[in-house]
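Enquirer: From the sequence below, what's the structure:
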Amino acid sequence: MRRTFQILLLSLLALTSMSVLAADPKKITKGQRKQLEEIQIKYDSTMRWGTVEDALPYLDPEKAKEHPLTDLELSRFEQVKISSYRAGENVPLPDGTIGRNAEVRVINLNTQSERTARVREIWRWDAEDKRWLQANGLPDLWQDR
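Expert: Down below sits the predicted model:
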């Protein structure tokens, strides 16, 4: 029953996001939308199969300056393996950014226990470099459940 509700909710969110994207073509061009989809596929793959260092080029440098990653934070990522990274649909936000939620399954390499974390991504268009950047930083895989 819960799974059915989740599927219905995701379907509704997908339909809403597609209609919002189609209704306001001035905010995101067709080329930008295509580039966003391509970069998100690469980002998802990097999060699933790559290292934390591989994910750093996707992050917004402005956000990285505000909150630089410490050695402790980077070492925590070495203690886990992402076993699944499933992102939802893109949702345009009022400030022109794009949001999406992801479900991340994480295995602790020391205990071999797996858990699920929910991640909120914010994607920002960098007009100067003409590319999309993940503006929320690396996912918080140690959030309270």
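Enquirer: Remind me which helix or strand the residue positioned nearest the centre of the chain belongs to.
Expert: With distances taken as Cα atoms, centre = their mean, the chain has E121 as the residue nearest its mean C-alpha position (3.8 Å). E121 is part of strand 114-126 when elements are defined by DSSP states H and E.
Enquirer: Which strands and helices lie in contact with that strand?
Expert: Other elements packing on strand 114-126 under the criterion 3 or more Cβ pairs under 8 Å, 6 or more residues apart in numbering; DSSP states H and E are helix 30-49, strand 98-108, strand 131-134. Yep, even glycine has a C-beta here, placed from its N, CA and C like the rest.
Enquirer: Please identify the most buried of these.
Expert: Burial of those is given as mean neighbour count (mean count of other Cβ atoms under 10 Å); strand 131-134 ranks first at a mean of 20.
Enquirer: What is that strand packed up against?
Expert: Taking 3+ Cβ pairs under 8 Å, 6+ apart as contact, the helices and strands that strand 131-134 lies on are helix 30-49, strand 114-126.
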